[in-house]
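S.K.: Whatever this is, show me its structure:
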Amino acid sequence: MAQQIRAIGRTRRGVMLAGALLAAGALVLSGCDSPSGETEGEATEFDFTGKDVGAMEDYGVGDTFTATEPVEFGLFYRDHPNYPLDEDWLMLQELEANQKVTFDFVSAPLSEWDQRKSLVIGAGDAPDIISVTYPGQEVSFVSGGAILPASDFVQYMPNFMDKVEKWDMEADLDQLRQEDGKFYLFPGFREEPRAEYSFAVRSDIWEELGLSLEPETFDEFREQLRTVKEAYPDLYPMTDRWSANGPLEGTLTFVAPNFGTQAGWGFGEGLTHKDGEFEYTGATDEYRDLIEFYASLVEEGLLDPEAVTQDDDQAIQKFASGQALSIGTNDQEIVRYRTTVEELGTDAEMAMIRVPAGPAGDNFQYGQRLISGFMLSSEVAESENFLALLQFLDWLYYSDEGLEFAKWGVEGETYEKDDSGKRTLNENITAMGLNPGAPENLQADYGFSNGVWTLAHGSTLELDRSMLRDETLEFLDKMSTKEVLELPPPAPLSEVEREQVSLYQSALKDHVWQNTAQFILGQRSLDEWDAYVAELEGLNMGAYIDIVNEARQRYEENNN
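M.R.: Take a look at the predicted model:
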C-alpha cells in the first residue's frame, strides 16, 4: 500500500484523476475484493466536472489550501459549554481571510449532541460536514445512504494519504470498514496512542505514610490503600466518578486492559478476540478477575461504595474536601481538582500515578490512534464546491500546517515559536492548564483548540504533546513503557446482521452493567458467576458471538 499511496501526491482541478496506480490505491482504501462485488481494477474514480469551483489547480502535501474564490460550507457544529460558538472568533476570521472559507452553522449543544445528530441525519437535513463523531458512531448511518463512504474520496486528500503511509495506519483504518469493504468516517489520527487517564492520589498522604507514587501492580496499590485506611480509618482511601451511565465507566476503561479485558467506556460491543475467535467480554474469566478486584476494595472499606453510582460533582467534592484520598482522573481533571481544593480552602497535594500492572501484565488499550473525526453528508457530492471541500478538510485536519493552526492559533497573536520550534502561549491567554489565571482563553475567546476543528487534538506526536504541562509529559513518559494491545481483526456485519445483533447487544450490555454493579457492591456473590454467565446465554450471547465470528471469517476470506 505504501507505494500506492506515494503515487497519489497531488490533486488537480477539473479532471477525473486517472491512472493505474491511483486506481489501485483507491481500491486498497475501499477494500480489495469487497463483498460489494468490486474486484481489482474496477475501482471507480469520481468525476469532479462542475464540482471543482473554488478548488486549487495543483494541491498536494505541504501546500497551504486557499480557495480560488470564496466558498461556504455547511457545518453541523457541536457547541461546547466551555467555549460557546462565537462567529467573530479569530479562527473564523483567519479562515475567511487566508483560506477564503466561511461556514453556514447548524449547532447543537454538547448535552444533546448525539441525539440531535441522529435526528438531523435521519431527517436528511445534515449540513455538508458533520463534526465530532467517534469511531463506531457512524455505523448506524451507513445503511440509509445519508453519509458518504470516506474511503471513496480520501484518495483526493493527499495529506490524509501521506499520514496513512508514514504512520502505517492501514490496520487502524481496517477497524472502520463495513461489509462493503469501505469506511464511512474521516477519523482523527494520532501518530502514537496517548494515555490520558489514571488515578489521582493525595501525594501528601502517600508521602507521609512512606508510600511510593509508582505502585508497580494493582496488588501493591491495594496494599497502599490498606495502609491509608489503617492510618485514616474514618476516610475512604478511594472514591470514584464517571458512573452516570454505568458503574465506574471511566476508571474501568483504563484499568481493564491490565486485567486482560475491556470494560466501562472501552467495553464497546462487548467483544474480546482470543485464540483466533471472538468471545463475549462480560462472560470471560478476565472480566471476572477485574470485578473481583473491585469487589475486594468495597468489601474491605477501601472504596467508597457510593462511587459506583454517584455523580461527578459528589465525587470531586469528596476528594477535594479530604473525605476520600484517591480518585480517577485525566490530565485536565486533576487541574479541576486542584481548583476545587483552592475554593474549599483545603490543604492538599495530589499527583497522577502511573497505571499499575495487573494479572495480564503491563499493558493498556484505551489509548487508540483513531480518534474523533467527521462525516460528510452524501448530498455534498453534488456540490459545485465538492473538490474544494475535500482539499480544505485535508489541509485543516491532516496537514501539519492546518493542525498547528487549529491547535495553537496564529503565531505572533496567540503564541510565539522559538528557533528550536518550541511554542509558547502568550501570557495573556490560558489553555489546557497553561498560564492559569490569564484573562483570556484560547478556546472561548479565540476559537482554537476546539474539538470540532482539531479532531480531539490528534496529530503528530510533537504537536500532540506541545500544549501539555510538564506533569502530564512526565506521566506520559512513565506510561510509554506499557505495551499497547494488538488490534482485533475486522468483523464487519451486513445490514441484516447489524439489526439483529443490535437487539442482542443492548440486552446483554444492560445485564452486564447491572451485575457489574451488584458484584462490586457485594449485592450479588461472585459465587454466582456461573449462573450470571448462564443468564447471558439466555439473552442470546451465543447467537451474537456466532454472527460476529462468521462475519470475521467472511471478511478474511474476501480480503485474503
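
S.K.: which residues in the stretch 51-200 of the chain form strands?
M.R.: 58-60, 71-79, 101-109, 129-133, 186-189, 197-201 (DSSP state E, counting those that start in this stretch).

S.K.: Buried deepest among the ones you listed, which one?
M.R.: The highest average neighbour count among those, using mean count of other C-beta atoms under 10 Å, belongs to strand 186-189 at a mean of 26. All C-beta atoms are positioned from the backbone trio N, CA, C, and that covers glycine.

S.K.: helices and strands around that strand, which ones?
M.R.: For strand 186-189, the packing partners by 3 or more C-beta pairs under 8 Å, 6 or more residues apart in numbering; DSSP states H and E come out as strand 370-376, helix 386-398.

S.K.: now the protein, which segments are flagged as low pLDDT?
M.R.: 1-43, 365-367, 455-458 (pLDDT under 70).

S.K.: top helix in it by residue count?
M.R.: helix 495-521 (DSSP state H).

S.K.: what residues are up against the residue nearest to L536 when sequence neighbours are not counted?
M.R.: Spatially, and ignoring its direct neighbours in sequence, L536 is nearest to A283 (5.3 Å; C-beta to C-beta, 6 or more residues apart in numbering). Going by C-beta atoms under 8 Å, 6 or more residues apart in numbering, A283 touches V533, L536, M541.

S.K.: Repeat that for E286.
M.R.: The contact partners of E286, taken as C-beta under 8 Å, 6+ apart, are F259, G260, T261, T272, P359, A360.

S.K.: helix or strand for it, which one?
M.R.: Secondary structure from DSSP states H and E places E286 in helix 285-299.

S.K.: For that helix, buried residues please.
M.R.: E286, Y287, R288, D289, L290, I291, F293, Y294, A295, L297, V298 (16 or more other C-beta atoms under 10 Å).

S.K.: hey, where'd the helices end up in the stretch 401-550 of the chain?
M.R.: Using DSSP state H, counting those that start in this stretch, the helices of the stretch 401-550 of the chain run over residues 442-446, 451-454, 461-465, 470-479, 495-521, 529-538, 541-558.

S.K.: for those, which one sits closest to P215?
M.R.: helix 470-479 (11.8 Å; C-beta to C-beta).

S.K.: ok now the closest one, how far from the chain's centre?
M.R.: Distance of helix 470-479 from its chain centroid, counting by C-alpha atoms, centre = their mean, to the nearest Å, is 19 Å.

S.K.: again with stretch 293-303
M.R.: Computed by C-alpha atoms, centre = their mean, the chain-centroid distance of stretch 293-303 equals 30 Å.

S.K.: do the same with stretch 439-459
M.R.: How far stretch 439-459 lies from its chain's middle: 16 Å, per C-alpha atoms, centre = their mean.

S.K.: what's in contact with stretch 229-246?
M.R.: Under C-beta under 8 Å, 6+ apart, the answer for stretch 229-246 is 199, 205, 209, 224-226, 228, 248-251, 264-265, 297, 300-304, 306-312, 315-316, 318-319, 322-328, 513, 516.

S.K.: Which positions within that stretch qualify as buried?
M.R.: Judged by neighbour count (16+ other C-beta under 10 Å), stretch 229-246 contains these buried residues: K229, L235, Y236, P237, M238, T239, D240, R241, W242, S243, G246.

S.K.: Fine by me, we can end here.
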